[in-house]
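Novice: Sequence and predicted structure below; questions after.
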Amino acid sequence: MSRQAVPAMFEAESEAMPPEQLHQLQQHRLGGLIDRLLAADGLQARRLADAGVKAGADVQLKDLAALPAIAKQDLWDAYPFGLLAVPREEVVAVHGSSGTGGRPTLVAYSRADLRLWARMCARALAAAGATTDSIVHNAYGYGLFTGGLGIHQGAIELGATVVPVSGGMTPRQVTLIGDLRPDILTCTPSYAVRLGEALAEAGVRPTMTAGIFGAEPWSNELRARLNELLGLQALDIYGLSEIIGPGVASECIVAADGLHVNEDHFLVEAVDPVSGRPVPDGEPGELVFTTVTKEALPLLRYRTGDIASLSRAACPCGRTLARMSKVAGRRDDMLVIRGVNVYPSEVERVLLGHTALAPDYLLVVDERAPQSRLIACCEMGTAAPVPDSIATELASGLKDALGLSVDVRLLPPGSVPRTEVGKAVRVRRWPGGEPPVPGLG
Ligand code: DLL
């Protein structure tokens with residue numbers, strides 16, 4: 001199939017809006033949100049009243065950072081429907097995430113919210129080069145998780161053909177890819193690795209030109225691996241149930257360098273995770289989103305816990321929307337090993353930079369002694385023999401890059417557990433007893 005160099009945007013009038021016009025639109029919509037929250041008279045209205053805000057007209061966009069924030073704990077406290085800004089009967093769907101510790105976060109959508117979500121996902125698909133001709137192999141899980149149904153509705157909104165295969169049952173996915181020849185693959189990056197391995201084992205040549213991978217942190221080194229393994233351009237998509245699901249921000253195939261935030265609907269800030277004060281563009285901070293157009297569960301300044309930086313540099317694709325960097329990780333996923341703070345994705349960068357290794361790995365926090373240590377379980381690739389010296393090389397690479405001593409173990413192909421359904425588990429704790437990976441000893 002022939003492709004334009006710069007694929008058409010789904011909503012060019014919004015995605016490439018002149019910055020001044022975007023600013024005015026955001027100001028107008030923020031005022032409207034404040035009025036709706038005040039009218040709903042719930043937790044967020046009380047916090048606004050405490051901050052002295054009586055009407056949307058009182059609030060300037062430039063003062064956003066001074067407005068009260070909301071956090072996951074507030075959603076849990078209000079579970080299941082305590083934060084609704086519309087009557088319960090206007091809710092047409094709920095979604096959520098299982099979250100860490102099995103505590104569900106439940107979110108609600110009105111009919112208009114579902115339409116908005118479909119449009120945001122259609123933007124992401126179009127940014128990856130999808131058109132009405134496209135076949136989208138959607139291997140995000142369907143159900144309460146927003147990945148499957150979000151992308152599904154986006155593909156339909158765009159007018160592409162969606163294959164709602166969901167996660168798991170990999171042999172069936174391989175057959176469908178061989179038979180239907182999709183040009184777009186959507187799934188988690190860890191499942192994309194699994195699929196790539198399975199396609200290679202089955203001798204099925206992948207047909208995809210772009211992959212839209214998200215829902216978990218992944219590095220540019222994994223991007224390079226996926227590009228090669230699947231013969232496509234791997235792109236990042238970010239989102240969270242609380243804000244809408246996938247489609248909050250996504251990369252374009254033109255630059256594949258940072259995710260365009262749909263800031264005509266989701267205002268974005270990056271703040272210091274401890275002080276809550278804004279950090280300058282280019283510096284990592286905690287992402288904070290404000291949903292200015294959502295109806296059922298509008299959130300003012302939602303603290304995501306996700307760490308990334310923002311950039312307002314021009315993009316060759318023509319979108320004027322701000323870009324966020326890849327997410328380093330969640331604030332609470334940061335490992336502290338002997339006083340060194342490290343995100344699993346930073347370790348991934350070093351490990352997967354070594355092309356002799358397979359793109360599968362697991363980090364084990366060995367907590368059997370009072371001073372915990374990090375064991376990186378890597379798999380040898382199948383292409384060429386892997387010299388034992390690689391373990392020493394990687395350990396010194398990790399020491400240089402992160403200042404952390406890591407015990408690197410090279411394991412035979414297939415030793416690290418694969419993720420078939422749901423988000424990848426990249427870190428396992430080992431408090432004692434059997435090791436999380438056989439043979440660690
Ligand atoms: O993971 C929504 C989604 C589905 C995004 C499919 C992209 C693709 P939740 O289950 O609520 O929603 O989890 C949200 O996942 O706060 C981040 O910590 C993490 N996350 C999502 N996308 C990315 C990404 C979906 N591209 C949480 N990179 C968020 C890193 C991501 N982390």
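Specialist: Sure thing, it's come through.
Novice: going forward, measure contacts and count neighbours with C-alpha atoms only.
Specialist: Noted.
Novice: hmm, the helix or strand harbouring Gly154 in reach of the ligand?
Specialist: Using DSSP states H and E, Gly154 maps to helix 146-158. Yes: Helix 146-158 comes into contact with the ligand (C-alpha under 6 Å from any ligand atom), by way of Thr146, Gly147.
Novice: for Leu362, helix, strand, or coil?
Specialist: Recorded secondary structure, Leu362: strand (DSSP: H, G, I helix; E, B strand; the rest coil).
Novice: the helices in the protein, which residues?
Specialist: In the chain, the segments counted as helices under DSSP state H are 12-15, 19-40, 43-50, 72-77, 111-127, 146-158, 170-180, 189-202, 220-230, 344-352, 389-402.
Novice: Name the residues of the stretch 101-250 of the chain found near the ligand, please.
Specialist: 145-147, 214-217, 236-241, 245-246.
Novice: mind putting the helices of the chain in JSON lines, mean pLDDT included?
Specialist: What follows is the helices of the chain, written out as JSON lines (pLDDT from 0 to 100):
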{"stretch": "helix 12-15", "mean pLDDT": "98"}
{"stretch": "helix 19-40", "mean pLDDT": "98"}
{"stretch": "helix 43-50", "mean pLDDT": "98"}
{"stretch": "helix 72-77", "mean pLDDT": "95"}
{"stretch": "helix 111-127", "mean pLDDT": "99"}
{"stretch": "helix 146-158", "mean pLDDT": "98"}
{"stretch": "helix 170-180", "mean pLDDT": "98"}
{"stretch": "helix 189-202", "mean pLDDT": "97"}
{"stretch": "helix 220-230", "mean pLDDT": "98"}
{"stretch": "helix 344-352", "mean pLDDT": "96"}
{"stretch": "helix 389-402", "mean pLDDT": "94"}
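Novice: Save these as a markdown table, and put in mean neighbour count too.
Specialist: Putting the helices of the chain into a markdown table (neighbours: other C-alpha atoms under 10 Å) gives the following:
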| stretch | mean neighbour count |
| --- | --- |
| helix 12-15 | 15 |
| helix 19-40 | 18 |
| helix 43-50 | 17 |
| helix 72-77 | 14 |
| helix 111-127 | 24 |
| helix 146-158 | 24 |
| helix 170-180 | 16 |
| helix 189-202 | 20 |
| helix 220-230 | 19 |
| helix 344-352 | 21 |
| helix 389-402 | 16 |
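Novice: and of those, who's closest to Pro278?
Specialist: Nearest to Pro278 among the helices of the chain is helix 19-40 (18.2 Å), distances taken as C-alpha to C-alpha.
Novice: For that closest one, name the packing helices and strands.
Specialist: Helices and strands touching helix 19-40, by 3 or more C-alpha pairs under 8 Å, 6 or more residues apart in numbering; DSSP states H and E, are helix 43-50.
Novice: The helix it packs on to helix 19-40, inter-axis angle?
Specialist: 100 degrees (axes from the mean of the first three to the mean of the last three C-alpha atoms, to 10 degrees).
Novice: For helix 43-50, which outside residues touch it?
Specialist: The contact list for helix 43-50 (C-alpha atoms under 8 Å, 6 or more residues apart in numbering) reads Leu37, Leu38, Ala39, Lys54, Leu67, Pro68, Ile70, Leu83, Leu300.
Novice: mind listing what Ala108 touches?
Specialist: Ala108 makes contact with Phe81, Leu84, Val91, Val92, Ala93, Val94, His95, Ala296, Leu297 under the criterion C-alpha under 8 Å, 6+ apart.
Novice: Could you single out the nearest of the residues you listed to Leu440?
Specialist: Of all the contacts of Ala108, the one with the least separation from Leu440 (C-alpha to C-alpha) is His95, at 38.8 Å.
Novice: ok so, going back, show me what the helix holding Gly154 is packed up against.
Specialist: strand 91-97, helix 111-127, strand 135-138, strand 161-163, strand 245-250.
Novice: Buried residues, the first one. List them.
Specialist: Of the residues in strand 91-97, those buried under the neighbour-count criterion (16 or more other C-alpha atoms under 10 Å) are Val91, Val94, His95, Gly96, Ser97.
Novice: Which residue, other than its chain neighbours, is closest to Pro19?
Specialist: Counting by C-alpha to C-alpha, 6 or more residues apart in numbering, Pro19 lies nearest to Thr320, which is 6.8 Å off, once chain neighbours are set aside.
Novice: Wait, that neighbour touches Glu13, no?
Specialist: No: taking C-alpha atoms under 8 Å as the definition, Thr320 is not a contact partner of Glu13, at 10.4 Å.
Novice: for the residue in the stretch 1-150 of the chain that the ligand sits nearest to, what are its contacts?
Specialist: Here the stretch 1-150 of the chain gets closest to the ligand at one residue, Gly147, 3.6 Å apart by C-alpha to the nearest ligand atom. By C-alpha under 8 Å, 6+ apart, Gly147 lies in contact with Tyr140, Gly141, Ala215, Gly245, Pro246.
Novice: hmm, try it at 7 Å
Specialist: Applying C-alpha atoms under 7 Å, 6 or more residues apart in numbering, we find Gly147 in contact with Tyr140, Gly141, Gly245, Pro246.
Novice: Over to Val162?
Specialist: Ile135, Val136, His137, Asn138, His152, Ala155, Ile156.
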